[in-house]
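1. coords please:
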Amino acid sequence: MINLRAMTKKNSDEYIPRSANKAKTWVRELPITNLGETTRRLYMGLVNFNQSRISSVIRIDIADTLGETARLVLNNLQRHLVSRAFPLPPKSQRIFELKQSLLLELAGSYQLAAVDMITTASVMKRPLLKAIYNAMLYLSEVLLQHYMVYSKTRDTLWHDLHHLYLLACDNELQDTSVFRDHDGLTTINDVYKQANLLALSNPYSLRQGEIERLDQLFQVLLPLVTIHPNADTITTELTYIIHLNRDAHAALVPASDILNSPTIRVLDLCELIEKIDDYISALESNAKPSEYYLFRDIGIGLAKRLIFHFTRVRNRSTKRDVKNESISVVTGLSHVVKVLNNHAKLESLDTASKSHDPSILSSFNSNPTLSTDQAIMDQKSLSFKHSENKQELSSASILMQTWIVINSSSGGYGLLWHDEESSAARVGAIVALRATHNTELEWQIGTIRWMEFINERGLCLGIEFLAPYVVPIEVKAVNSMDNNTTVLPVLGLMLPVIDDVRPEPELLFPAQMFHTGNELKITFALHEETVLLNHRDECTGSFSIFSYTVVKKENLKLEDVIDEEDYSTLWGSL
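-> Presented below is the predicted three-dimensional model:
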């Protein structure tokens with residue numbers, strides 16, 4: 001009898017009444033101070049609710065009643081997913097899956113109502129508009145959550161979004177505002193454009209937190225994006241096409257390949273791209289961009305990467321070789337510099353050090369150039385003379401992890417991490433890589449360009465190759481006109497010349513640490529030089545790459561030259 005009563009009580013807690021008024025009472029009685037129990041009742045109640053037969057209008061009213069509490073629960077779940085390492089720890093992964101399931105159940109309530117109205121020929125414009133809008137809004141949040149944790153999107157997600165959008169178009173509801181005097185996503189068109197923009201920003205290559213900032217930016221700039229029902233208005237060679245009968249987001253294709261069809265839409269980003277480009281140009285000319293507040297959380301580096309992703313046709317240009325071998329990976333600039341410092345110096349630098357060559361930068365500049373293929377494939381020709389052991393790495397507090405190489409090309413590696421524990425990987429981070437079985441090989445340097453977690457497989461990385469070898473450097477002093485307050489010393493790397501990739505050697509530092517025009521005093525391999533930073537590459541993520549020129553002692557700055565007839569420096573001493 002006791003067990004039966006407990007079961008009856010549990011089931012009643014999880015049962016959402018089938019009338020709007022009773023549902024409001026059920027929501028008021030939820031134990032909000034115990035969010036775990038509230039989450040359980042809401043989720044189990046929605047699962048049961050979506051399996052019951054009920055009129056479309058009542059279903060929408062009840063779903064609306066649950067909305068505020070559902071948002072409170074979703075926000076609480078999100079707290080457990082902020083600033084996490086990847087792949088997510090087992091508990092965090094379960095929380096992520098629970099949040100996704102809850103969002104899908106909420107979307108499912110509105111989807112059922114919309115489909116029921118269509119199939120029973122009982123269409124009422126306003127309820128149908130609300131049902132489609134809310135279903136798409138929750139599905140787009142599912143999409144955003146996948147991108148935030150670099151997780152592969154679930155199958156049929158885009159198919160569901162396309163189907164709902166097509167229902168709205170068939171009933172001429174896509175441009176009708178759901179809210180009045182409300183900022184953000186007010187129409188079905190807005191939700192649909194927002195979802196496609198997030199997907200087109202190449203989210204798996206964004207640094208942690210950037211996709212949320214772009215989500216906020218796109219909501220403000222949505223009026224600059226247009227969806228055309230056919231290809232007649234296309235005036236560019238390339239354009240974005242949405243296939244409503246495919247399970248995929250918009251794709252950039254040649255305009256000549258487009259055929260008019262009822263299931264094709266054209267996504268016009270020209271005005272949006274022009275707006276972002278104007279912002280970049282204004283920043284580069286040191287002018288305050290118009291409507292700067294729109295981009296307050298978007299730096300010039302992210303803006304440039306966004307333009308790159310919006311205007312690039314994604315076709316792989318290099319052949320990949322399938323691999324299945326282990327590789328040692330050190331992540332983060334400080335750890336990379338440590339592991340390089342623990343390693344023996346290059347033979348050319350050893351020779352220069354012994355001869356006390358004062359022009360060490362010139363000797364590095366004149367090293368024989370390497371083709372990209374040679375740089376990544378012919379590693380033995382670049383091997384060091386010594387190797388460090390794990391005890392040395394441990395004493396230097398260097399985290400070295402072992403990944404699996406699943407493919408390689410002249411441009412980089414594809415890596416896989418299938419352990420349950422989290423890795424040190426971060427999109428945009430600098431990494432040092434070396435074959436695990438051969439510690440005599442030199443540490444190659446690359447950067448993590450994208451990251452994606454796939455269930456039943458693990459965390460996949462795309463590593464872009466930067467250099468077959470580098471020289472660690474330290475910045476000891478900064479001479480600049482911009483009141484630089486950088487805490488010294490600053491660690492960095494010197495990248496060598498590579499044919500068809502890097503015609504001149506370059507310097508790599510943490511992002512936003514230095515600026516074009518800074519004069520730095522750097523030390524490396526027992527030598528000291530002064531360099532002037534020239535052009536900076538802004539599209540690199542967590543680091544900046546500069547071209548530079550060596551400042552020779554005889555090249556004094558104009559203000560350092562004393563005019564024989566200028567006695568201004570004497571007045572104070574008289």
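2. need the longest helix for the protein.
-> Using DSSP state H, we find that the single longest helix of the chain is helix 90-119.
3. buried sites along the helix or strand just after that one?
-> Per DSSP states H and E, the first helix or strand lying C-terminal to helix 90-119 is helix 125-148. For helix 125-148, the neighbour count (16 or more other Cβ atoms under 10 Å) marks 127-148 as buried. To be clear about C-beta, it is placed using only N, CA and C from the backbone, and glycine gets the same treatment.
4. check the offset of helix 125-148 from the chain's centre.
-> 23 Å (Cα atoms, centre = their mean, to the nearest Å).
5. got the CA coordinates for it in PDB?
-> Extracted in PDB, the C-alpha atoms of helix 125-148 (Å, rounded to 0.1, in the frame of the first residue of the first chain):
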ATOM      1  CA  LYS A 125      -3.900  32.300 -38.100                       C
ATOM      2  CA  ARG A 126      -2.900  33.700 -34.700                       C
ATOM      3  CA  PRO A 127      -2.500  30.300 -32.900                       C
ATOM      4  CA  LEU A 128      -0.700  28.800 -35.900                       C
ATOM      5  CA  LEU A 129       1.600  31.800 -36.000                       C
ATOM      6  CA  LYS A 130       2.400  31.400 -32.300                       C
ATOM      7  CA  ALA A 131       2.900  27.700 -32.600                       C
ATOM      8  CA  ILE A 132       5.300  27.900 -35.500                       C
ATOM      9  CA  TYR A 133       7.200  30.800 -34.100                       C
ATOM     10  CA  ASN A 134       7.800  29.200 -30.600                       C
ATOM     11  CA  ALA A 135       8.600  25.800 -32.100                       C
ATOM     12  CA  MET A 136      11.300  27.400 -34.300                       C
ATOM     13  CA  LEU A 137      12.600  29.500 -31.400                       C
ATOM     14  CA  TYR A 138      13.200  26.500 -29.200                       C
ATOM     15  CA  LEU A 139      14.800  24.500 -32.100                       C
ATOM     16  CA  SER A 140      17.100  27.400 -32.800                       C
ATOM     17  CA  GLU A 141      18.100  27.400 -29.200                       C
ATOM     18  CA  VAL A 142      18.900  23.700 -29.500                       C
ATOM     19  CA  LEU A 143      21.100  24.700 -32.400                       C
ATOM     20  CA  LEU A 144      22.900  27.400 -30.400                       C
ATOM     21  CA  GLN A 145      23.500  25.000 -27.500                       C
ATOM     22  CA  HIS A 146      25.200  22.500 -29.800                       C
ATOM     23  CA  TYR A 147      27.500  25.300 -31.100                       C
ATOM     24  CA  MET A 148      28.300  26.600 -27.600                       C
END
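6. name the helices or strands packed onto it?
-> Contacts defined by 3 or more Cβ pairs under 8 Å, 6 or more residues apart in numbering; DSSP states H and E place helix 125-148 against helix 56-79, helix 90-119, helix 157-170, helix 188-200, helix 210-221.
7. quick one, which of those helices is nearest to Asn34?
-> Among the helices and strands packed on helix 125-148, helix 56-79 comes nearest to Asn34, with 11.0 Å by Cβ to Cβ.
8. before we move on, back to that, just the helices and strands packed on helix 125-148: most buried one?
-> helix 188-200 (a mean of 23; mean count of other Cβ atoms under 10 Å).
9. give me the mean pLDDT for that one.
-> Throughout helix 188-200, pLDDT has a mean value of 97.
10. and for it, what's in contact with it?
-> 129, 132-133, 136-137, 139-140, 143-144, 147, 161, 164-165, 168, 173-176, 178, 184-185, 211, 214-215, 218-219, 222, 225, 227, 240, 242, 249-250, 267, 269, 272, 309-310 (Cβ atoms under 8 Å, 6 or more residues apart in numbering).
11. follow-up on the earlier one: Throw the helices and strands packed on helix 125-148 into a markdown table and include distance to Arg28, thanks.
-> Supplementary listing: these in a markdown table, determined by distance: least, Cβ to Cβ, whole Å:
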| stretch | distance to Arg28 |
| --- | --- |
| helix 56-79 | 9 |
| helix 90-119 | 19 |
| helix 157-170 | 31 |
| helix 188-200 | 30 |
| helix 210-221 | 32 |
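12. go through these and name the closest to Val47.
-> helix 90-119 (6.2 Å).
13. quick one: the closest one to helix 157-170, angle?
-> For helix 90-119 against helix 157-170, the angle by axes from the mean of the first three to the mean of the last three Cα atoms, to 10 degrees is 30 degrees.
14. compute the inter-axis angle for helix 90-119 and helix 56-79.
-> Put simply, helix 90-119 runs at 160 degrees to helix 56-79, going by the same axes, to 10 degrees.
15. check which helices and strands helix 90-119 sits against.
-> Judged by 3+ Cβ pairs under 8 Å, 6+ apart, helix 90-119 is in contact with helix 35-49, helix 56-79, helix 125-148, helix 157-170.
16. now do it against helix 35-49, angle only.
-> Going by the same axes, to 10 degrees, helix 90-119 makes 30 degrees with helix 35-49.
17. for helix 90-119, the averaged confidence score.
-> For helix 90-119, mean pLDDT rounds to 96.
18. on that earlier part again, nearest to Gln401, out of the helices and strands packed on helix 125-148?
-> Counting by Cβ to Cβ, Gln401 lies closest to helix 90-119 out of the helices and strands packed on helix 125-148; the figure is 18.1 Å.
19. just the CA atoms of the one helix or strand Phe509 maps to, as CSV, please.
-> Under the criterion of DSSP H and E, Phe509 resides in strand 506-510. The C-alpha coordinates for strand 506-510 follow below in CSV (Å, rounded to 0.1, in the frame of the first residue of the first chain):
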residue,chain,number,x,y,z
GLU,A,506,57.4,36.5,-38.4
LEU,A,507,56.8,36.9,-34.6
LEU,A,508,53.9,35.4,-32.7
PHE,A,509,52.6,36.9,-29.4
PRO,A,510,49.5,36.6,-27.3
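20. what's next to that strand, contact-wise?
-> So strand 506-510 is contacted by 333, 430, 466, 470, 473, 475, 490, 492-495, 522, 531, 533, 542-548 (Cβ under 8 Å, 6+ apart).
21. which strands border it, and is each parallel or antiparallel?
-> Strand pairing for strand 506-510, determined by DSSP bridges: strand 490-495 (antiparallel), strand 543-550 (antiparallel).
22. care to break this structure down by domain?
-> 13-207, 321-467, 471-559 (automatic domain parsing).
23. comparing those domains by mean pLDDT, which bottoms out?
-> Among the domains of the chain, domain 321-467 scores lowest, at a mean of 74.
24. end to end, how far does it reach?
-> 20 Å (Cα to Cα, to the nearest Å).
25. now stretch 473-491
-> Stretch 473-491 stretches 6 Å from its first residue to its last (Cα to Cα).
26. correct me if wrong: Ile54 contacts Pro17.
-> No: Ile54 is beyond contact range of Pro17, at 10.6 Å (criterion: Cβ atoms under 8 Å).
27. what do those two both touch?
-> Ile62.
28. Thr153 in helix, strand or coil?
-> coil (DSSP: H, G, I helix; E, B strand; the rest coil).
29. ugh, wrong one, Ala85
-> With three-state DSSP as the basis, Ala85 sits in coil.
30. that one reaches Glu420, doesn't it?
-> No: counting by Cβ under 8 Å, Glu420 is not a contact partner of Ala85; they are 12.0 Å apart.
31. quick one: contacts for the residue nearest in space to the middle of the chain?
-> For the chain, the residue nearest the mean C-alpha position is Leu206 (1.2 Å; Cα atoms, centre = their mean). Shown in contact with Leu206 (Cβ under 8 Å, 6+ apart): Tyr147, Leu214, Leu302, Arg305, Val427.
32. please repeat the previous calculation with a cut-off of 7 Å.
-> Residues counted as contacts of Leu206 (Cβ atoms under 7 Å, 6 or more residues apart in numbering) are Val427.
33. equivalent analysis for Ser408, please.
-> Arg320, Asp321, Lys323.
34. what is the neighbour count of Ile445?
-> 23 (other Cβ atoms under 10 Å).
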